[in-house]
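K.L.:
need a 3D model of the sequence below.
(chains A and B)
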Amino acid sequence: MSNQTPLYDAHVALGARMVPFAGWMLPVHFGSQLDEHHAVRRCGGMFDVCHMRAVDVSGIGARALLRFVLANDVQKLRTPGKALYSCLLRDDGGVLDDLIVYYLAEDRFRLVVNAGTATKDIAWLQVQAEDFAVRIAPRADLGMIAVQGPAAREKVLSLLPESVRSSAAQLKPFSALAEAAWFVARTGYTGEDGFEVMLDHAALPAFWQQLLETGVQPCGLGARDTLRLEAGMNLYGQDMDEQVSPLSSGLTWTVDLRDPTRRFIGRDALEAEQVAGRSAQFVGLVLAGKGVLRQHQPLFAGDQPVGEVTSGGFAPTLQRSIALARIAPDAVAPLCVGIRNKRIPVTQVRPPFVRSGAVCIDLALR
Amino acid sequence: MSHVPDNLKFTTSHEWVQLADDGSVSVGITDHAQSLLGDLVFVELPEMGDDLAQGDECAVVESVKAASDVFAPVSGQVVGCNETLADAPEAINQDPYGDGWLFRLQLSDAAELGNLLDAAAYRVLCEQDEH
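P.N.:
Numbering: from 1, shown residues only, chains lettered A, B, ... in the order given. Purely as a prediction, here's the structure:
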């Protein structure tokens, strides 16, 4: 039996097509996934992301624990409210999850982890926390709405209480504030500006309704996926999982090896992978011609299989198909993709494909 | 509730068939099918002149969500393809029984039409699908 978010009834009332996702019933679209995608790029859309789990890490050992369990270094977080994207690794360098960590105070950090991995993550953190003076508190009482798009911040600000509005208006990208009942973060998963707003479950339906009334387009998981793919953002479980390292998943930029004394979990394995030079290439692809790239389609250099698509789809902003793909360290373009019984050329590009409403790749390339 | 016209025949794999006076049939996917697939973005049609047997995979419709095979509802030769879908696959979402038709077949065995579902039977199938 799937869980329902506090917004379940609101989605059903809007006629959403509901699907099970990571143990939750969530809207895949409210009519047209394409319209929802465009609404976010052009104006503003909102997503029920109550399935994602906030986990508070508090106590004097909080920073030390996070420096030990995360591949990125929370030592970078010096200003309260600042956020950092990181992977949580196993000893062998495999990715347990990707997450955002918010620094709220010296003894208080908040993680936001994926729904499908939340139980595993929390158990893992609790085991690792035994040697640190910390408390791990999953916040099942909180839910989140992501409001994204060029008009998103303005719309959210208009609905915030006076006491929160001015500080929320001053938030820099990748920062958050926690004031009274409100947690407002200038983060997201679409490549657009916007806020992610966390509230107590009981307060969420009214806030969703207010957003609707200011003209924010409700959006489903479908648009969330095409938006993040255009933004070149990885999806856990597709683009990386426990079987691959961040170095083979386009996430080297999130691995901080600068402090040699920080022996975080998975570091030895990553260093060994680097020395051996066996990290896969993780690339963006654009399909030359018609068709749709999909997860697990094989890639070829000449006749040689060199890897596969990890996330693929139709990019509504670009009106063509794009993908993220993992290919062998030594694979060299030109590449082809196998779609059914055909081989179709693909062009390798550097993600993102779209950011802040603007196309970032050369569409003339073939 | 999706639309199921009374004058068409249907398959359990969600194709519809319309018989014309000249013994050819038009084929498409149903309103129920397009609604499950979501926004269509790409269509691969059979070649003119292809000889299809009932049940052959003969076309592919791809939505933002997934690729889905289309099966030949009856045996016959391909005598028409809806080329406008190359630039406007959304016609399948907007008008699945009209502008969104996929291809036409010259029937090789009219008796096969008897294997297909009528509208009432197809409605029952859709209702089961939705529960």
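K.L.:
now do the same contact list for the spatially most central residue of chain A.
P.N.:
Nearest to the mean C-alpha position of chain A, by Cα atoms, centre = their mean, lies A:Y189 at 5.1 Å. A:Y189 sits next to A:A146, A:Q148, A:R224, A:L227, A:R228, A:A231, A:M233 when contact means Cβ atoms under 8 Å, 6 or more residues apart in numbering or on different chains. Yep, even glycine has a C-beta here, placed from its N, CA and C like the rest.
K.L.:
ok, those residues vs B:L8, which is closest?
P.N.:
Taking Cβ to Cβ as the measure, B:L8 sits nearest to A:R224 out of the contacts of A:Y189, at 35.7 Å.
K.L.:
thought that closest one was touching A:G191?
P.N.:
No. Counting by Cβ atoms under 8 Å, A:R224 stays clear of A:G191, with 11.4 Å between them.
K.L.:
from A:H296, how far off is A:E36?
P.N.:
Counting by Cβ to Cβ, to the nearest Å, the gap from A:E36 to A:H296 is 26 Å.
K.L.:
can you pull out the low-pLDDT segments for the chain?
P.N.:
Looking at chain A here, since you left the chain open. Residues of chain A meeting the criterion pLDDT under 70: A:1, A:365-366.
K.L.:
you answered for a different chain; I wanted chain B.
P.N.:
Residues of chain B meeting the criterion pLDDT under 70: B:1, B:131.
K.L.:
from the centroid of it, which residue is nearest?
P.N.:
B:G28 (2.4 Å).
K.L.:
what bridges to that residue?
P.N.:
Counting by DSSP bridges, B:G28 is bridged to B:W16.
K.L.:
list the contacts for it?
P.N.:
B:E15, B:W16, B:I92, B:P96, B:Y97, B:G100, B:W101, B:L102.
K.L.:
list the contacts for the residue nearest to B:L40 when sequence neighbours are not counted?
P.N.:
Spatial nearest neighbour of B:L40, excluding adjacent residues (Cβ to Cβ, 6 or more residues apart in numbering or on different chains): B:P89 at 4.2 Å. Contacts for B:P89 were tallied using Cβ under 8 Å, 6+ apart; they are B:L40, B:V41, B:F42, B:V43, B:V61.
K.L.:
just give me the closest of these to chain A.
P.N.:
B:V41 (4.2 Å; Cβ to the nearest Cβ).
K.L.:
could you measure from that closest one over to A:A206?
P.N.:
Distance, B:V41 to A:A206, by Cβ to Cβ: 36 Å.
K.L.:
between those two, which is the more surrounded one?
P.N.:
Between B:V41 and A:A206, counted using other Cβ atoms under 10 Å in any protein chain shown, the more crowded position is B:V41 (25 against 12).
K.L.:
and whichever helix in chain B runs longest, anywhere near chain A?
P.N.:
Criterion DSSP state H: the longest helix present in chain B is helix B:119-130. No. Using Cβ under 8 Å from any Cβ of the partner chain, helix B:119-130 stays clear of chain A, coming no nearer than 10.6 Å.
K.L.:
could you pull out the helices for chain B?
P.N.:
Going by DSSP H, chain B shows helices at B:31-37, B:91-94, B:119-130.
K.L.:
show me what from chain B comes close to chain A.
P.N.:
Within reach of chain A by Cβ under 8 Å from any Cβ, chain B has these residues: B:G38, B:D39, B:V41, B:F42, B:E44, B:V60, B:E62, B:V64, B:K65, B:A66, B:A67, B:A86.
K.L.:
buried among the residues you listed? Need that as a selection in ChimeraX.
P.N.:
Remark: buried members of those, expressed as a ChimeraX selection using 16 or more other Cβ atoms under 10 Å in any protein chain shown:
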select /B:38,39,41,42,44,60,62,64,65,67
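K.L.:
show me which of the residues of chain B next to chain A is closest to A:L177.
P.N.:
For these, the residue nearest A:L177 by Cβ to Cβ is B:V64; the value is 35.0 Å.
K.L.:
that closest one reaches A:L34, doesn't it?
P.N.:
Yes. B:V64 lies in contact with A:L34 (Cβ under 8 Å); the separation is 6.6 Å.
K.L.:
can you list residues touching both of the two?
P.N.:
Common neighbours of B:V64 and A:L34, counting by Cβ under 8 Å, 6+ apart, are A:P316, B:D39.
K.L.:
brilliant, that's me finished.
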